[in-house]
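Visitor: need a 3D model of the sequence below.
(chains A and B)
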Amino acid sequence: MLGIPFKGCAALAWGSARLVATDRKGRWLVTIGYLIAMWLLYYLWAALYADTPTRAGMTFNSAVLHVLVAQTLLAFLPVGTDWRLAREIRSGEIATQLILPMSLPLRQFAISLGRALAKATYILPAFALFLWYFDLSLTPKTIPLALASIALSFVLLFCIDFVVALAGFIATDLWGITASKDALVMFLGGALIPMAFFPAGMREVLAYLPFGHFFNTPVGYINGEIVSVQPLLIQAAWALGFVLAAAWAGRVVLRKLIVFGA
Amino acid sequence: MQLSPFWRAYRRMVGSEARARLEHRADFALMILGVAATSLSTAATLYFMLGATGTIAGWHRGELIFMQGFMFCIFAPQSACYNGMFWLEHWLKTGAFLRFYTRPANPLLLLALERFHPQGFVVLAIGLAYCLFGLWGSPLLSEPLFYLGFVLLLPLSALVLWVINLAAISTCFWIGESDPVFSMSGKLTDMSRYPLDLFPKLATMIFMALPLAGTVWWPCQALLRGASLPLTVLGMAALAVICVGLLNGMWQRGMRRYAGAGG
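Guide: Model prediction:
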């Protein structure tokens, strides 16, 4: 079906998930770091709302839940595909990958999916614990749409990471482009503050761009702020566009590959 | 004037690294873009978050922007001179770290010899611009004592931040992967740019013990809120000395523990 080797993808995803899940010390440290960051964010937003019940039309509960859910998605959806692939390009390991019977984007997607799912297995229980401790609750109106939106958000994040990593074929140092990408995705995607806090003009412009679909759309579904299927369809259209763009970029850039020596 | 062998080597390395970085102009432009995008998104987040009231628990927007700018300024020396520390884990795994045992100088100084990145100047310029923007129109800008405090406290805070970050990365001597520790300390460092009195007492105590309060909070108490400058400078100097001493000890233990990488 569609020429996708599902068995190979599943094996790769499972293998990379196990690699993440077996790092017990790392798992604990990341979870504790995540909980501390969430704890501090909660108090930062509580201080912000201490003298006013609403800001940008949002109550404390709706604003803090937006930020906490977005930070949770941020903790497990981006899995460093850009840095991993860029390192493989730099070391020449990419040459081995290209002769394997699976396309490079698909292989990277399977590895990233496995890592994201493994991270979700310890971040999500920590998030549930956090919500219980602070007596907060999520009220998604349509759980299937929320799950579909998270999946599409992962696809968008993977595609942008993949394209940025391909710059490793051209640029000698990827830090600048990766940092710019991270800043844009997090800030304009609504992972740092709800987009309701942006000026009206900026929100109007952002409505025509894909950034809001990285975090704002899935967060909207999870928090029950979005019920209609329309944002999901727009997100799916952007995801399709990103997949096609990533595949095209991969084909173009791989023509530039030069392998030196033995 | 006769320079010591270290400084001669350092000057050569800075020259060649700076030339190499500036030779790839597009890459350098992208790097400046990265620094600008990161700092702008941080400042814009703060700006929009405060909204029309412009305050949070008695702290004004300008003061908060100054604190963000101060953090950029103290990160600048690390960004320029200690970019090599992000390679430590890789060197330990590949065995490339062995060269640190064969050279007759303190390994923390040798680490500075590994890389020089001109992007540090961009970070510093952006940080100073934020500090100026944050305090624009404030009477503090016309007080010579403020500038003296800024100049004295900046390097001390930079040392404290450098120690915290390098200590987090150096945990790879013991646990192999430093990413999780660095990510955890990074999250705390991010939050230490805000006034610590926003957070619960336990969090404030953690910030003081680590001692992340020495990066922005204590210096800004003296620069912005009238805490005693001489006492703060003395306290920060003592803190910086203790921090560097502890880091040096950590590296000595780490280097004794490292057994090399085969192959």
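
Visitor: anything in the lengthiest helix in chain A near chain B?
Guide: Identified as the longest helix of chain A according to DSSP state H is helix A:104-133. No - Helix A:104-133 is not in contact with chain B by C-beta under 8 Å from any C-beta of the partner chain; minimum separation 11.3 Å. Every C-beta, even on glycine, is put in place using the N, C-alpha and C of the backbone.

Visitor: quick one, helices of the stretch 101-250 of chain B?
Guide: B:107-112, B:119-134, B:144-170, B:172-175, B:179-191, B:201-209, B:217-224, B:229-257 (DSSP state H, counting those that start in this stretch).

Visitor: which parts of the longest helix of chain A are buried?
Guide: For helix A:104-133, burial by neighbour count (16 or more other C-beta atoms under 10 Å in any protein chain shown) applies to A:104-120, A:122-123, A:126-127, A:130-131.

Visitor: could you count how many residues lie near residue 97?
Guide: All of this is about chain A. A count of nearby residues for residue A:97, using other C-beta atoms under 10 Å in any protein chain shown, gives 15.

Visitor: let me rephrase: I mean chain B.
Guide: 22.

Visitor: show me which residues of the stretch 1-150 of chain B are close to chain A?
Guide: B:21, B:24, B:26-27, B:29-35, B:37-38, B:40-41, B:44-45, B:48-51, B:53, B:56-57.

Visitor: where does residue A:226 sit: helix, strand or coil?
Guide: coil (DSSP: H, G, I helix; E, B strand; the rest coil).

Visitor: quick check on it: phi, psi?
Guide: phi -120, psi 130 (degrees, to the nearest 10).

Visitor: skipping adjacent residues, who's closest to the residue of the stretch 151-263 of chain B found nearest chain A in space?
Guide: Residue nearest to chain A within the stretch 151-263 of chain B: residue B:184 (3.0 Å; C-beta to the nearest C-beta). Leaving aside its sequence neighbours, residue B:184 sits nearest to residue A:33 (C-beta to C-beta, 6 or more residues apart in numbering or on different chains; 3.0 Å).

Visitor: low pLDDT regions in the stretch 101-250 of chain B?
Guide: Judged against pLDDT under 70, the stretch 101-250 of chain B has no low-scoring part.

Visitor: which residues does residue 32 contact?
Guide: As the question left the chain open, I've gone with chain A. Contacts for residue A:32 were tallied using C-beta atoms under 8 Å, 6 or more residues apart in numbering or on different chains; they are residue B:184.

Visitor: the chain in question should be chain B.
Guide: If you count contacts by C-beta under 8 Å, 6+ apart, then residue B:32 has A:176, B:119, B:122 around it.

Visitor: try residue A:193
Guide: Neighbouring residues of residue A:193 by C-beta under 8 Å, 6+ apart: A:67, B:45, B:48-49.

Visitor: can I get these in CSV including distance to residue B:127?
Guide: Shown next, in CSV, are the contacts of residue A:193 (distance: C-beta to C-beta, whole Å):
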residue, distance to residue B:127
A:67, 25
B:45, 16
B:48, 20
B:49, 20
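
Visitor: and these, which is closest to residue B:215?
Guide: residue B:45 (18.9 Å; C-beta to C-beta).

Visitor: now that closest one. Nearest residue, chain neighbours left out?
Guide: Residue B:45 sits nearest to residue A:192 (C-beta to C-beta, 6+ apart), 4.5 Å away.
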